[in-house]
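> Predicted model, plus sequence, below.
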Amino acid sequence: MIPPGKIKCTVGILTLNSESGLPGCLASLKDFSEIIVCDGNSTDTTRQIAEAAGARVITQYESDEPNLPCIKDKAGVRQKNMEAATHDWYFFMDADDTLSPEVIGEIRGIVESPKPEHYIYRMPTRIFFEQGRNLKEIKHEATYPSYQTRLVHRNVGAFFKGEVHDHLVYNEWKFPVGTMKGCYNFHWPEKRVNNFWGYLGRYADWELETGQPTTMGNLLNWGIYRRSRTILGYVLYRLPWMYMRYGFKDSMPLPIELTIVRYHIKLLVKYIGKHITSRHWWIYVREIARGKDTNRILTNLALMKTECLGSILDIGGGQGRASHYRFIRLTKWHKITSLDISPAAKPDIVLNIEEEKIPVKDESYDYVFLFNVLEHLNHRADVLKEIRRVLKSVRSDAGVKKYADEPGGKLIGVIPFLVNVHPDPHDYVRLTEQGLRELFSEAGFSKVKIEAVARGPFTAGYYQVEFILPRLIRLICGPVALLLDRIIMASINRNLAAKFPLSYIFHVSK
């Protein structure tokens, strides 16, 4: 039952230790019938403030871990918040900001209209500096007029995209966007204004961490051309034009504008470097120089598309952090617990997993890593059953739509196939794909995905002698073997490569 006079629109807010700005934000939203605060397990009074104001509080992730930042998973958490809404109209905002009575009245008119002109609306933005208890409006800024889409109807079918800077994606041809008259007002706290590079520089780092390897075309277009155009546009046109026309009094301070230019320059340079260092040929050369073998390199390259977050148990991993950590995407929040039989590895838990239970309660971990361990176990099925026990039924990211098809905890690992005997302290077995599937089925797992790490006969043959070759020779012979297999497999049958597996990667769910 919606109280009389309330606006039939859901307002979604993301919070993490937001007790300073949240009271003012919620006070400005008293006319809305539903407010959903999606919290990152704050340790201050954020949750109590939200509940006292009548907001519904949900968690960003299905986890009890405190203070979980979603800054590198903004779209996923925004999406979860929007999917929790019960009204057709949805408006999202930040916990530091407030809505003016004029904007609220405009939203009311749109929502209550039986035939709204549009089903998705953008708003012009304005920036205010917090100066003690006062706000100073920045009337002129290099990007004005700037717009953000904030109000959307369920019929549009919009969804959020972008890990650090999120935005709504929708069918723009079917649903043209309307423009509201009222502004969305950003409140910049004094701390941000006084250390703007510290604030903006972190965003640049986060963007670089979450950015995926790109094609040369994308790099030239989005990374170089558009970024360079932005930089030159600021320096040669936007800033001179703004200050000559409006002066400095009510305009964005020049040091802040130049910091924005510095931000784009940093991304331009760093993205070029990241593009080069993420090429497979570069990684292969770099890893050979580090002493890694072809099997391990190809396995790690295949792991680059694997992403994990939340609580992770690494079985067989010490504090030294194995090479796979440089390749698996761990940019979002995570907490790794290592378990190993050897105290020399300095793990968090010293345990013989074949003889003892893992000392945690059921369903404690979102992910379990098992890299190059299965071949060293004689009681493999029993160990896998114990792993299944500690995996969660509902993973911490299960509320995010893109993970809905496999919400439970996941076991990720590697088992070598074509590799020399390596007791550590024992080496028992090599398993084919069929053998692995039967083993996981016996342990009670229902969803099994297995990927062969294979290139063909030349790579397989080369791998047998690679260990006796000096690194300089390996830098020559390894790429030759890979190239020959690529030529042969392309001319015969690519599926034949799977007959020469170096290892198997498995992704297994409850």
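Right, received. Where do you want to start? Residues are numbered from 1 along each chain as shown.

> got a list of contacts for stretch 131-139?
126, 127, 128, 129, 187, 190, 246, 250, 251, 252 (CB atoms under 8 Å, 6 or more residues apart in numbering). Quick note: C-beta positions are derived from backbone N, CA and C, even for glycine.

> List just the nearest of those to residue 23.
Nearest to residue 23, judged by CB to CB, of those is residue 187 at 12.8 Å.

> now the helix or strand where the closest one lies: mean pLDDT?
According to DSSP states H and E, residue 187 maps onto strand 184-188. The average pLDDT within strand 184-188 is 94.

> by contact count, what packs against that strand?
For strand 184-188, the packing partners by 3 or more CB pairs under 8 Å, 6 or more residues apart in numbering; DSSP states H and E come out as strand 120-131.

> try 10 Å
Applying 3 or more CB pairs under 10 Å, 6 or more residues apart in numbering; DSSP states H and E, we find strand 184-188 packed against strand 89-94, strand 120-131, strand 134-138, strand 147-153.

> Of the ones you listed, flag the one that's most buried.
For those, average neighbour numbers computed from mean count of other CB atoms under 10 Å are highest in strand 89-94, which has a mean of 22.

> which residues sit against whichever helix or strand residue 106 is part of?
Residue 106 belongs to helix 101-112 when assigned by DSSP H and E. By CB atoms under 10 Å, 6 or more residues apart in numbering, the residues outside helix 101-112 that reach it are 5-9, 11, 28-33, 87-89, 91, 98-100, 116-119, 121, 123, 150-151, 153, 178, 180-185.

> Buried by neighbour count, from these: which ones?
For these, a burial check counting by 16 or more other CB atoms under 10 Å picks out 7, 9, 11, 28-29, 31-33, 87, 89, 91, 98-99, 118-119, 121, 123, 150-151, 153, 180, 182-185.

> On the pLDDT front, check the residue lying closest to residue 176 once chain neighbours are set aside for me.
Distances taken as CB to CB, 6 or more residues apart in numbering put residue 118 closest to residue 176, at 6.5 Å, once the chain neighbours are dropped. Note for residue 118: predicted pLDDT of 97.

> Equivalent analysis for residue 259, please.
98.

> show me the contacts for residue 6.
30, 31, 32, 33, 34, 108.

> Those residues: which two are farthest apart?
34 and 108 (14.1 Å).

> If you count surrounding residues, which of those two has more?
Between residue 34 and residue 108, counted using other CB atoms under 10 Å, residue 34 has the larger neighbour count: 22 against 17.

> Tell me the confidence at the more buried one?
Taking residue 34 on its own, its pLDDT is 97.

> cool, and residue 398?
Looking at residue 398, the pLDDT reads 62.

> Outline the domain layout of the chain.
As recorded under automatic domain parsing, the domains making up the chain are 7-193, 196-277, 292-509.

> what's the closest of those to residue 286?
domain 196-277 (7.8 Å).

> Do me a favour and get the end-to-end distance for the closest one?
29 Å (CA to CA, to the nearest Å).

> For the lengthiest helix in the chain, enumerate the helices and strands it packs against.
Scanning the chain for the helix with the most residues, using DSSP state H, yields helix 254-277. Other elements packing on helix 254-277 under the criterion 3+ CB pairs under 10 Å, 6+ apart are helix 190-194, helix 196-210, helix 216-218, helix 226-233, helix 239-246, helix 280-289.

> if we go to 6 Å?
For helix 254-277, the packing partners by 3 or more CB pairs under 6 Å, 6 or more residues apart in numbering; DSSP states H and E come out as helix 196-210, helix 226-233.

> Now do the buried residues in it.
Using 16+ other CB under 10 Å as the test for burial, helix 254-277 gives 256-257, 259-264, 266-268, 270-271, 274-275.

> Just the pLDDT for residue 403.
pLDDT, residue 403: 52.

> rewinding a little: and the strand holding residue 187, C-alpha only, in PDB?
Extracted in PDB, the C-alpha atoms of strand 184-188 (Å, rounded to 0.1, in the frame of the first residue of the first chain):
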ATOM      1  CA  TYR A 184      21.300  16.800 -10.600                       C
ATOM      2  CA  ASN A 185      23.500  18.500  -8.100                       C
ATOM      3  CA  PHE A 186      26.800  16.900  -7.200                       C
ATOM      4  CA  HIS A 187      28.200  17.700  -3.800                       C
ATOM      5  CA  TRP A 188      32.000  17.700  -3.600                       C
END
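
> mind checking how far it is from the chain centre?
26 Å (CA atoms, centre = their mean, to the nearest Å).

> Contacts for it next, please.
96, 97, 123, 125, 126, 127, 128, 129, 130, 148, 150 (CB atoms under 6 Å, 6 or more residues apart in numbering).

> Looking at these, which one is closest to residue 310?
For those, the nearest to residue 310 is residue 96 (26.9 Å; CB to CB).

> Next, work out how far apart that closest one and residue 190 are.
The gap separating residue 96 from residue 190 is 12 Å, by CB to CB, to the nearest Å.
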